[in-house]
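*Asks:* show me the folded form of this:
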Amino acid sequence: MTKFPCPHCNKLTISLKQKYLAGKWFNIHCDACLGRSCAQPIILALMSFLYVWNVFYFSVVAYLERSWYFVGILIVLWLILDYFCHYIPLQRMKSPNKKPPVAADDEPADLVFAQPPAQPPTHTSSLNKEISAEQSKKLEDS
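*Replies:* A predicted model of the protein is given here:
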């Protein structure tokens with residue numbers, strides 16, 4: 001079976017099915033290095049536009065001309081576009097769980113932790129005492 005090189009480790013671990021699915025906006029994973037890859041997004045966007053244009057244009061022309069000939073052209077062009085999906089280059093993706101590598105000469109900065117907020121004063125003002133006294137009277141009355 002045809003294998004394609006992984007963009008991370010350059011080993012032939014990407015199968016033909018995975019490469020085809022990468023042309024359909026799927027992410028693929030290398031079995032050797034567990035790297036994630038995808039097809040070039042800009043090229044995929046262009047291919048998606050060509051798929052939509054192919055279906056829309058030839059469907060409308062087939063309807064207006066009342067001819068199955070254009071449906072045949074639509075199918076042939078669809079298969080040609082599917083064939084070219086195998087030639088879209090793969091691109092590396094960052095792993096969502098790993099941090100970016102730090103150069104050896106770079107030392108991590110000292111960690112600075114935020115100070116806890118200052119404690120509110122333990123004494124209360126006379127105004128707060130009056131308000132709380134009024135609230136407690138209202139609660140007792142109700």
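*Asks:* from here on, contacts and neighbour counts on C-alpha atoms
*Replies:* Will do.
*Asks:* in the chain, where is pLDDT below threshold?
*Replies:* Within the chain, the segments meeting pLDDT under 70 span 1, 95-134, 136, 139, 142.
*Asks:* what about the longest helix in it?
*Replies:* Identified as the longest helix of the chain according to DSSP state H is helix 41-65.
*Asks:* contacts for stretch 77-84, please.
*Replies:* Counting contacts by CA atoms under 8 Å, 6 or more residues apart in numbering, the residues outside stretch 77-84 that touch it are 20, 47, 51, 54.
*Asks:* so what's the last one up against?
*Replies:* Right, residue 54. 74, 77-78.
*Asks:* end-to-end on stretch 24-43?
*Replies:* Length of stretch 24-43, first residue to last, CA to CA, to the nearest Å: 11 Å.
*Asks:* contacts for it, please.
*Replies:* Applying CA under 8 Å, 6+ apart, the external contacts of stretch 24-43 come out as 6-9, 11, 13-14, 18-19, 21-23, 44, 88-95.
*Asks:* could you give me the ChimeraX syntax to select whichever of those residues are buried?
*Replies:* Typed into ChimeraX, the line below selects the buried ones among the contacts of stretch 24-43, using 16 or more other CA atoms under 10 Å:
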select :6,7,8,13,14,18,19,21,22,23,44,88,90,93
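*Asks:* restricted to helices, list the contacts of stretch 24-43.
*Replies:* Residues of the contacts of stretch 24-43 located in helices (DSSP H): 18-19, 21-22, 44.
*Asks:* burial measure for residue 135, as a count.
*Replies:* 12 (other CA atoms under 10 Å).
*Asks:* this protein: strands as residue ranges?
*Replies:* 3-5, 12-15, 28-29, 36-39, 90-93 (DSSP state E).
*Asks:* so can I have TSV of the ones you listed showing distance to residue 60?
*Replies:* Converted to TSV, the strands of the chain look like this (distance: least, CA to CA, whole Å):
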stretch	distance to residue 60
strand 3-5	38
strand 12-15	37
strand 28-29	35
strand 36-39	30
strand 90-93	34
